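> sharing a sequence plus its predicted fold:
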Amino acid sequence: MTKPTKAKDITRSWHLFDVKGKVLGRAATQIAHALMGKAKPYFVRHLDCGDHVVVINAAHVAVTGKKESDKLYTKYSGFPGGLKSKALWQVRKEKPGKLIRSAVYGMLPKNKLRDRLITRLYVYPESDHPYKEKFA
């Protein structure tokens, strides 16, 4: 008989993703999969079963086609004239981690667990990060 998963049964591990030269969308699906914990045998949708994920070399992630100049990241303040947008190349120059974070955030389930899942995503623009002891 299969036992139901309880919150105390969940164990969290650490994953390291190097996205240098990898396509943004393909890497984001693998990262979201690890954040949700879908590969675990005790995965259930209503509990937070995911792991910690460290992403390095975010500034060197690849995109296909003309997305580098055509893809726009927008934000809206709620006031008239408050719509601001930036191209992907501008975001890559200013905040390279935002590329990964927004792609993964869009692939997580749209429910109350989404904000809790994204807190375990650590994105770094280059290969140095403070979690080296977790992967030694």
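Good, I have the coordinates.
> show me where this protein has helices.
Using DSSP state H, the helices of the chain run over 24-36, 67-70, 88-94, 96-107, 114-118.
> any idea of the mean pLDDT for the second one?
So that's helix 67-70. Per-residue pLDDT over helix 67-70 has a mean of 95.
> for the first one, same thing?
Over the span of helix 24-36, the pLDDT mean works out to 97.
> relative to helix 96-107, how tilted is it?
Direction vectors for helix 24-36 and helix 96-107, defined by axes from the mean of the first three to the mean of the last three C-alpha atoms, to 10 degrees, enclose an angle of 70 degrees.
> what packs against helix 24-36?
Helices and strands in packing contact with helix 24-36 are listed as strand 14-18, strand 52-56, helix 96-107, helix 114-118; criterion 3 or more C-beta pairs under 8 Å, 6 or more residues apart in numbering; DSSP states H and E. Every residue, glycine included, has its C-beta placed from N, CA and C.
> where does this protein have low pLDDT?
For the chain, no stretch is flagged by pLDDT under 70.
> list the contacts for the most centrally placed residue in the chain?
Most central residue of the chain, judged by C-alpha distance to the mean C-alpha position with C-alpha atoms, centre = their mean, is residue 104 at 3.6 Å. By C-beta atoms under 8 Å, 6 or more residues apart in numbering, the contact set of residue 104 is 28, 31, 32, 35, 118, 121.
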